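Chemist: just coords:
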């Protein structure tokens, strides 16, 4: 039986509605070959652009605000689209959603490759983020639909490993491509590499990925519009505010955010009361585990996304490292991260949310070590102990934090909780890049790169301390 012979119909929780022909079929591991190619290119694309930021600024004569947008536009596109993409996949088929996302991502990557100016490049990054949301939601939904029991656990583990490798590889591959000036393309090659990989995923998918879909669902169009508008109204003025001299429109946008959030929550309540399916059901804010879990993800990712941006700029602008050298130095983060990810489930099973406390403490000590190196201008290799601590912190924090919250979800709630957690991660990333980026670039002229980086790290430490406090509100149980 080929992937095209049968369409599995599953509900939004990943449960089969009717699939007798597939009951005794072996787990379709071959489907992961295409799905993980899509996962890999969407993972590296967030990180690979960091290494190229100085080259883009020089080549396109961009402002610091434009550089922030190159990073934030991707997260913004993902954040605004994740829940909607999941609903579309449920209604029209996950494989179709994956193919549409991969095709759009490939096309947007080509647009970024040939972008004549920074405006087109930012637009391409936004489309990449929107397309990536369709890929991400489709992969997770299809893993849930195609695998059960221990096989599903292994598939999710492989998925997490691909994300981690993508994050590490993004920095290194980006450094190799920019420093090597492949085919004379310079920074454009970091986007061009997505094109053949995207085409490969598109060619493989119809042959190796079975078609699955959820029960037909209506889209919460008004909820999507209100949420997207609220996110843009918050992130746009924070990124553009400094370059705009904190004009009246900046403060007007920020003042609109509470009203937009209130309108969104009211609309969600009305829709749920009328028997509809809102993007954020009331149980997400009424249940302590979900409420604190969403807040934890939002705050944690405010620090993570911005950390990689200011670190890359510090290494290249402050330390004068080439893109390749800066990328290779990220191995000091990536290797400890992968080791910590391996042991995190065992530690979390023993001490529950205590693993997040250990992660936050490692982050705080790591940031302190990095601040000391920046302020004393010590040799760049002295950054490695701080890198190791931050890598361990990320490895101990990211998988267990998700498991702790999902453990409190019933099978009926798992899909919506996963989507909400992913959305908070992307919104937090966009917000962090906007705030920390504004501080970093605002200090460059008067204070210099090292001082701007040190102050940014201090703010990141405050964010890490905030996650430590929120951890006390999370469920106590072991995250298995």
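Modeler: Received the coordinates, thanks. On a predicted model such as this, the values are computed, not experimentally measured, just so you know.
Chemist: alpha carbons only for contacts and neighbour counts from here, please
Modeler: Noted.
Chemist: Hmm, residue 36 is touching residue 159, no?
Modeler: Yes: using C-alpha atoms under 8 Å, residue 36 makes contact with residue 159 at a distance of 7.1 Å.
Chemist: quick one: contacts for the closest residue to residue 199 other than its chain neighbours?
Modeler: Closest residue to residue 199 in three dimensions, ignoring its sequence neighbours and counting by C-alpha to C-alpha, 6 or more residues apart in numbering: residue 106, at 7.2 Å. Shown here is residue 106, whose contacts under the criterion C-alpha atoms under 8 Å, 6 or more residues apart in numbering are 194-195, 198-199.
Chemist: hmm, 10 Å instead?
Modeler: The contact partners of residue 106, by C-alpha atoms under 10 Å, 6 or more residues apart in numbering, come to 38, 41, 100, 112, 128, 131, 191-199, 201-202.
Chemist: Repeat that for residue 52.
Modeler: 171, 174-175, 177-179, 186-190, 312-313, 316, 323-324.
Chemist: and it, that's in a strand?
Modeler: No: following the definition DSSP: H, G, I helix; E, B strand; the rest coil, residue 52 is helix and is not counted among the residues of a strand.
Chemist: distance of it from residue 41?
Modeler: If you measure residue 52 against residue 41 using C-alpha to C-alpha, to the nearest Å, the figure is 16 Å.
Chemist: got it, and residue 271?
Modeler: Using C-alpha to C-alpha, one obtains 36 Å as the distance from residue 271 to residue 41.
Chemist: Among the two, which residue is more densely surrounded?
Modeler: Comparing residue 271 with residue 41 by other C-alpha atoms under 10 Å, the one with more neighbours is residue 41, at 27 against 18.
Chemist: Next, the buried residues of the helix or strand hosting residue 368.
Modeler: Element membership for residue 368 (DSSP states H and E) is helix 354-376. Of the residues in helix 354-376, 354-374 count as buried by neighbour count, 16 or more other C-alpha atoms under 10 Å.
Chemist: Please, a PyMOL command that selects the buried ones among the contacts of residue 52?
Modeler: Selecting the buried subset of the contacts of residue 52 in PyMOL, with 16+ other C-alpha under 10 Å as the burial test, is done by:
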select buried, resi 171+174+175+177+178+179+186+187+188+189+190+312+313+316+323+324
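Chemist: Report pLDDT for the most centrally placed residue in the chain.
Modeler: Among the residues of the chain, the smallest C-alpha distance to the mean C-alpha position (C-alpha atoms, centre = their mean) belongs to residue 426, namely 5.2 Å. In this prediction, residue 426 carries a pLDDT score of 75.
Chemist: Kindly report the same for residue 369.
Modeler: For residue 369, the model assigns a pLDDT of 93.
Chemist: Let me know whether residue 242 touches residue 440 as I believe.
Modeler: No: Residue 242 is beyond contact range of residue 440, at 11.2 Å (criterion: C-alpha atoms under 10 Å).
Chemist: Now the common contact residues for these two.
Modeler: The contact sets of residue 242 and residue 440 overlap at residue 64 (C-alpha under 10 Å, 6+ apart).
Chemist: if you count what's nearby, which of those two comes out ahead?
Modeler: Neighbour tally, residue 242 and residue 440, criterion other C-alpha under 10 Å: the higher count belongs to residue 440, 26 against 17.
Chemist: I'd assumed residue 446 was in contact with the more buried one.
Modeler: No: in terms of C-alpha under 10 Å, residue 440 does not count as a neighbour of residue 446; the distance is 11.0 Å.
Chemist: Overlap in contacts, those two.
Modeler: Between them, residue 440 and residue 446 share the neighbouring residues residue 452, with contact defined by C-alpha under 10 Å, 6+ apart.
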